[in-house]
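>>> my questions concern the predicted model and sequence given below.
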Amino acid sequence: MRNDEASFGYDAYSILSTGRDQHGEFLPILFKSFGDFKPGFYIYLTVPFVAMLGLNEWAIRLPAAISGILGVYLLYLVVWNLFKNQKIALASAFSLSISPWHIAFSRGAWEAQVTVTLVLAGLLFFIKALNQNNKYLVFSTGFFGVSLLMSHGAKPAIPLLLLSFLPVYWKKIIKIPFRIVLLSSFLFIMLSLPIIFSFFNGKSTRVAFLLFTNKYQNAKVETIARDFLNNWSNHYSLPILFIKGDGNPQHSAADFGAFITLDIVFLFLGLKTLVNFKDVKGEAKVFILILLILAPLSSTLTSEGVNFERYLMFFILINIILGLGISNFKRNLFWGIFLLLYLFSFLLFLDAYFIHTSAKNGAWQTGYKEIVQFITPIQENFQKIYIPQGGDQPYIFFLLYQRYSPEKFQAFSASVNIPNGSGTGMDYISKLDNIEFVDLNKFNPPLNQSFLIVLPVNNTYKFEGFLKSIHGVKDPIGFPIYKIDEYVPKRL
Amino acid sequence: MKKVFIYIILIFTILWLILFLFAYKRSLNENYQFSADTIWKIEQQRREHTYLFPFVAKFIHNKGFYFSYTVFENYLSYYSPSIFFCCNQPLVLELVILLMFYGGAFILLREVSKLVKAILFWILAYPIFLSLMLWPPSLVLALPIIIPASGILVYSLYKEIKFK
């Protein structure tokens, strides 16, 4: 389980138990979490599941899984309403249901995944508002507004999406009664107020840290523009989308693209169909093409480069195009061979996902569950327990797996909080009872008391000579990743 | 005509397969493609198959398979927009070339004349052979597909203006 997932789960548990988040704030909209102030809608969605199933992986991940299933149906409805063609709608929904990115994001607790489902719902009601009943516009803006409260990625993506509506559907929008437009706008502004305020009250440190302009000091405009365009163009890189992925195995499968490799054939056919389709109303075609250009912009604005999590809306468009391609795929001489190759390509994804992805330890913060389970029963036997500090935010795994009392943690969380501890806009927690989270490179263990220390095996430390190893933590394929050592001072 | 086209494709496929085998053999001999890191990666992928038959792991994770994927990755790179920003040319020039190529490609997808089909075939086929070189794709190498696409765009614009 990732640290973000653990944080969602523990915050939901904390809200359920006390009405406050882990840092003691009463029913917040933005959750402080690791100091990154996560938009909290996913946490509130998790609360009923934690209440029903308890604090475990199932309860934390179930909202995203249900949202993934809903997303497939919503895409079917959106495409049907856009193209008025059931074959294309079914093909798009099918394409989404087997897409590596969709499977990966639906099986973890990803707020970005739920954002996509909310955006699809917003899009569906928007199309219905234009073509059937104008009152649906209120639902549409409601869903778009709520999606802003779901994930960081939605903050720039939703305004861009709404902007792309204007040039295409302007003529229809101005025909909507003014009172409906006013009510919808009011609802959207009300829902987006917490996000707007977050830019002024210091709750957007993580977003500010990730902005790509941060790395430029007195750089030429051309250099910035070139880097921006290069970054933007990388989001369309076919090898990244269809072969190797963005380098993060959490976002599809290890060394695998966001789509099945042979989907590239359907992409080509889909694009050809899209630009030639006679039944398609010009506006839907233009809307998809504009969105294809704008969708990666929110991800481009960050310094991290291509990160699938930040442009999932773009993938939905690709799935629609793939649906167009699949629905217009003609049976010819090579049809059977292609089908076999496609199936093989999908099997390769299953291999990459179920065999190799889980073996990528760094991505999943593998080992912490076992560490907590080993340490908890013997925690009181030692005066101190030292855990390596880092971006993994190890404290959250202790809170989660020990079902640490939220009231107790809220009482002292402010006193153990190290603001911007990593220099990346994220906070650290220094202490939890007798557990201390330390930077091992600067750490000098006190030799006058007994302690337990967790050490990653890929490094050696000068104080290791004094220690006695009592347990080893291995990854899923049996390689050691952590060792748990003890130190007992000699009696005088 | 269709028969001739099928024969041409058949000849090119056989030629490509022969060249593929040569390229693969060369990459093995010269230790060019398979560095120690790459070989460790392939072996690690096999090790990760803890509960599937070893022959399945060997069937999927081997040098031949890795090489084929690299070739395919190279092929797809020729159509990725990042190729236009790789040569440190003036930014405006790179942007113009990018717009001309994708504008031309858009028109190629829309038109159905035989000439356009032939150009589209050329644009899709040319990097197939180029990808065997295993060099990182560059703007210079991609020029033979950029120029015809740009030409189509210019021709279409000329036609539009003339008929107006």
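Perfect, thanks for sending it.

>>> for residue 17, give me the pLDDT.
Reading this off chain A. Note for A:S17: predicted pLDDT of 94.

>>> should've been chain B
pLDDT, B:L17: 91.

>>> give me the buried positions along the helix ranked longest in chain B.
Using DSSP state H to define each element, chain B has its longest helix at helix B:2-29. By neighbour count on 16 or more other Cβ atoms under 10 Å in any protein chain shown, the buried set for helix B:2-29 is B:F20, B:A23, B:Y24, B:S27. In short, each C-beta sits where N, CA and C put it, glycine included.

>>> what is the neighbour count of A:G19?
Counted with other Cβ atoms under 10 Å in any protein chain shown, the neighbours of A:G19 add up to 11.

>>> what's the answer for the one 5 residues further on, then?
A total of 18 residues lie near A:G24 under the criterion other Cβ under 10 Å.

>>> A:L301 too?
17.

>>> how close does the residue in the stretch 301-450 of chain A that chain B sits nearest to sit to B:H61?
Closest approach between the stretch 301-450 of chain A and chain B, counting by Cβ to the nearest Cβ: A:A359, at 4.5 Å. According to Cβ to Cβ, to the nearest Å, A:A359 and B:H61 sit 13 Å apart.

>>> can you list the residues of the stretch 301-450 of chain A near chain B?
Applying Cβ under 8 Å from any Cβ of the partner chain, one finds that the stretch 301-450 of chain A approaches chain B through A:L348, A:D351, A:I355, A:H356, A:A359.

>>> circling back: I'd say the residue of the stretch 301-450 of chain A closest to chain B and A:D255 touch.
No: with contact defined as Cβ atoms under 8 Å, A:A359 does not count as touching A:D255 (11.5 Å).

>>> which of these two has more neighbours?
A:A359 (21 against 17).

>>> return the distance of that one relative to B:N62.
18 Å.

>>> and for A:L333?
A:L333 is 30 Å from B:N62, by Cβ to Cβ.

>>> more crowded one of these two?
Counting neighbours by other Cβ under 10 Å for A:L333 and for B:N62 shows that B:N62 has the greater number, 14 against 8.

>>> got the contact list for that one?
Counting by Cβ atoms under 8 Å, 6 or more residues apart in numbering or on different chains, B:N62 makes contact with B:I42.

>>> quick check: phi and psi at it.
phi -150, psi 170 (degrees, to the nearest 10).

>>> okay, buried residues for stretch A:239-252 please.
A:239-246, A:248-252.

>>> and the end-to-end length of that stretch?
14 Å (Cα to Cα, to the nearest Å).

>>> can you tell me the element the most centrally placed residue in chain B falls in?
A centroid search over chain B (Cα atoms, centre = their mean) returns B:Y75, at 2.0 Å, as the residue closest to the centre. Element membership for B:Y75 (DSSP states H and E) is helix B:63-77.

>>> any idea of the mean pLDDT for the first helix or strand past that helix going along the chain?
Proceeding N to C from helix B:63-77, the next assigned helix or strand is helix B:91-110, under DSSP H and E. Summarised as a single mean, pLDDT over helix B:91-110 is 85.
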